[in-house]
Every structure is written in structure tokens, then in C-alpha cells.
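Trainee: Structure for the following, please:
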Amino acid sequence: MTAIAALAGGLFGCGGGGSGGGGGPAVPAAGNAAISPPPTTAVAITTGAQTTNTTIAAVALQAVNGAGVVGIGNGNSITPLGVEVQPAATKTMRLTAVELVRRHAGTIRDRKPSASVTGALVVDTTPCFVSGTQTLVFDNMNMSGNFSQIFVHCDEGGGAVFHGTISSTGVSFSSTLGNNAGDPYTESVAATMAIDLSVTIASPPGVLVSQGSLSFSSSFSGMMEPDGVGGVTPGFPTHFETRIFGTSLLGSDGVNSEQLSNFDLTAVDDDAAGTTFNGHFTYANSAINGAVTVNITTEIQFASGAVHPHAGVIEITSSVSGKIKVTILNDVSSSSPSVQVDVFANATDTIPVNTYQLTWADFDALA
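Mentor: Below is the predicted model of the structure:
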């Protein structure tokens with residue numbers, strides 16, 4: 001199971017007022033033990049090795065799936081989401097880096113109007129629903145300021161406890177707003193982010209940790225709506241676009257460690273149209289004892305609310321040898337094949353040596 005940033009589903013559920021203002025309250029510290037990186041030696045892709053090759057395919061596609069917004073939903077940043085993670089607690093180990101970034105960007109967006117224009121530090125600590133705290137720390141974001149979320153054993157009552165820090169620097173914010181109700185708007189946030197975050201899950205028991213850094217841009221679009229006092233205000237966003245790029249993001253579930261490196265990934269999530277995902281990255285995982293390069297050659301497509309994608313192609317290559325092509329046939333969780341894995345002797349070959357078709361149940365079990 002992958003673990004990078006699997007912590008996002010409901011991560012930003014702590015809302016409401018707190019101890020704000022003026023730099024008076026102390027800023028808490030929260031961190032986790034450093035993750036030992038997985039092996040990064042290139043994995044050989046050899047024809048005829050069905051179990052090895054289908055496992056590489058499953059691990060790589062799971063990394064792609066979870067890097068987007070799969071199973072997390074469209075909740076905004078500070079609404080009381082608790083720690084709801086769909087479809088099931090066992091799926092929280094999926095890599096969900098883009099969703100984590102989007103919710104962090106949404107928190108910045110929601111707090112933007114209250115940011116100081118003088119650069120003074122604002123510290124806002126709120127209790128989590130069951131126990132622990134979340135603290136927001138921010139300064140003047142109009143002038144490339146900073147924004148941090150600090151979770152100290154934050155338990156929102158959903159079976160998971162969050163602990164650690166997400167910090168963004170060089171924050172920029174822009175908006176294009178409509179003048180009338182029903183007009184479209186777009187608000188955008190960009191920054192460089194550092195992550196050191198863990199989630200302790202009650203059932204099934206486990207501890208997931210994500211650490212690293214990346215740059216991001218995230219936009220939120222929707223329609224203007226009446227503000228109740230004769231004006232208009234941005235309504236709840238219905239269209240999201242998030243890009244993350246960087247050199248290293250580590251994750252661990254206590255059994256396997258993983259690393260996303262040299263990555264550039266973009267997710268477009270629309271309430272009506274669903275989600276698309278594009279990009280590339282190098283992926284190392286201790287489960288495959290090395291690293292492969294993953295390119296999305298045909299965008300991964302999810303219907304709104306779907307657990308699995310219904311279309312898309314990824315190609316997995318290695319500097320040592322071979323190529324694996326994963327084609328998504330459908331998103332039906334049944335006995336019919338939903339994923340096709342083709343194995344090529346060389347990265348430049350167009351005709352596969354081996355072809356395997358699997359159901360989602362069988363394919364998911366490999367990762």
C-alpha cells in the first residue's frame with residue numbers, strides 16, 4: 001500500500017474561532033521521525049515475469065490514482081469534514097498528494113481576507129472535535145508571506161489522529177471575480193510547501209507518514225452568489241485545478257516506504273465532469289525494491305465519485321530494460337477484466353511479449 005500524503009481526507013476539518021492575533025500565543029511544534037528512503041536502483045522489467053510485472057503495474061497505477069483526488073471528495077478546506085475518508089479506511093494508504101495540497105490551498109484561500117497587511121504574525125489555535133489542536137500561523141500573504149498548519153494529535157472523531165506540520169512559503173493569491181450573482185469567478189493560490197505529517201489510524205491499525213517538499217498552484221472556480229447585504233461573494237467552488245511539482249516526497253506506512261521524485265502532476269476535478277489526471281514522475285517503493293519511471297500517456301479519467309478510473313494509459317519504464325503499459329478498460333468492479341497490462345522487451349517496442357487482463361479486485365490486491 002502506498003502512503004505519501006494519504007492524510008488528506010478530512011485533514012482540514014478543524015474550523016471555527018480560536019486564539020488569534022498579534023503574535024501573542026505560542027506557536028506549537030509537531031513533527032515525526034525521519035522516513036528511511038526506499039531503494040532507488042532501477043528495477044529491471046523482464047518479460048515472462050507475470051507476478052513481478054503486474055505488481056509493478058499495480059503499485060505504479062495506485063501511485064497515480066492516489067496522487068489525485070480519488071476517494072477524498074470535493075470538501076472545501078475548513079468545512080467540518082471530520083476525518084472522513086472514502087471509500088474505506090483501508091484505502092487511506094493511497095497517495096493523495098494533490099488533494100492534500102488542494103485543501104491546504106483552500107485553507108489559505110479561506111483565511112486570505114483576514115491576513116495581516118503589515119506582516120505581523122497571526123496565530124490561531126482551535127481544538128479538534130475529540131482532542132488535540134490545529135494551529136494556523138500566517139503573515140502578510142499579499143507580499144509573498146508564509147502560511148502553516150500545525151496538527152498536535154488532532155482527533156476529529158473519524159478514527160484517525162493527525163500530527164505534524166504543513167508549511168507554505170512565498171504564498172501568492174490572485175482572483176478574478178464576477179460583478180453579479182451567477183457570474184463566474186476564479187481564485188488561485190501558489191506557494192512552495194514543506195510537509196511532515198502523520199496519521200494514526202484506529203481500524204485497520206496503522207501509522208502513515210508523509211515528508212518532503214514541493215511547489216504548487218491551485219485554482220478554485222465557481223459562481224458568484226448574493227452575500228445577503230446587497231453585494232455578491234464567491235460561492236462554493238465546483239471546479240478545481242491543482243498542479244504539484246518537485247524533486248522528492250517520501251511516505252511510509254510502517255511496512256513499505258516510497259518516494260515520488262522529479263514529479264510534475266496536474267489534477268482537474270469538476271463536480272459534474274469528474275477528475276482527470278496528467279503528468280509524470282519517478283516512483284520508488286520498497287515493495288518492488290527499486291524505482292521506475294511513470295508517464296501518463298493518455299489522461300487518467302474518473303467519473304464523479306468513482307473509486308476506480310474508467311479510462312487512461314500509463315507507461316512504466318526502467319533505465320535497465322523493458323516497458324510496461326497499463327490500459328484502463330473500465331471502472332466496473334466485477335468479474336470482467338478492467339485493467340490490461342502489456343509487457344514489452346524494450347522501451348521502444350510497439351508489440352507486447354506478454355498481455356495480462358485483471359479485474360480491479362485482483363489488480364488492487366497486488367499493491
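Trainee: correct me, but Val27 touches Leu136?
Mentor: No: the pair Val27 / Leu136 is not scored as a contact, 10.2 Å apart, by C-beta atoms under 8 Å. For the C-beta atoms, the positions are set from N, CA and C on the backbone; glycine is no exception.
Trainee: Neighbour count: those two, which is higher?
Mentor: Neighbour tally, Val27 and Leu136, criterion other C-beta atoms under 10 Å: the higher count belongs to Leu136, 23 against 12.
Trainee: Three-state assignment for that one, please.
Mentor: For Leu136, the assignment made with DSSP: H, G, I helix; E, B strand; the rest coil gives strand.
Trainee: which residues are common contacts for Val27 and Leu136?
Mentor: Taking C-beta atoms under 8 Å, 6 or more residues apart in numbering as the criterion, Val27 and Leu136 both touch 123, 150.
Trainee: Any stretches of this protein with poor pLDDT?
Mentor: Applying pLDDT under 70 to the chain flags the ranges 1-25, 65-96, 113-119, 140-144.
Trainee: How about the residue in it that sits furthest from its center?
Mentor: Gly230 (37.8 Å; C-alpha atoms, centre = their mean).
Trainee: give me phi/psi at the residue nearest to Pro37 when sequence neighbours are not counted?
Mentor: Take Pro37 and drop its neighbours on the chain: the residue closest to it by C-beta to C-beta, 6 or more residues apart in numbering is Gln259, 5.5 Å away. For Gln259, the backbone dihedrals (degrees, to the nearest 10) come out as phi -140, psi 130.
Trainee: now swap in Leu366 and tell me
Mentor: With angles defined as degrees, to the nearest 10, Leu366 sits at phi -70, psi -30.
Trainee: ditto for Phe173
Mentor: Taking degrees, to the nearest 10 as the convention, Phe173 sits at phi -140, psi 140.
Trainee: Next: Ala361.
Mentor: Per degrees, to the nearest 10, the backbone of Ala361 is at phi -60, psi -50.
Trainee: cool, Pro205 as well?
Mentor: phi -60, psi 140.
Trainee: ok, it to Thr186 distance?
Mentor: 42 Å (C-beta to C-beta, to the nearest Å).
Trainee: Distance from the strand or helix carrying Thr355 to the middle of the chain?
Mentor: In the assignment (DSSP states H and E), Thr355 maps to strand 354-358. Averaging C-alpha positions (C-alpha atoms, centre = their mean, to the nearest Å) puts strand 354-358 29 Å from its chain's average.
Trainee: and if you look at stretch 267-278?
Mentor: 13 Å.
Trainee: got it, and stretch 314-334?
Mentor: Counting by C-alpha atoms, centre = their mean, stretch 314-334 comes out at 21 Å from the chain centroid.
Trainee: next one: stretch 360-367
Mentor: Distance, stretch centre to chain centre, for stretch 360-367: 21 Å (C-alpha atoms, centre = their mean).
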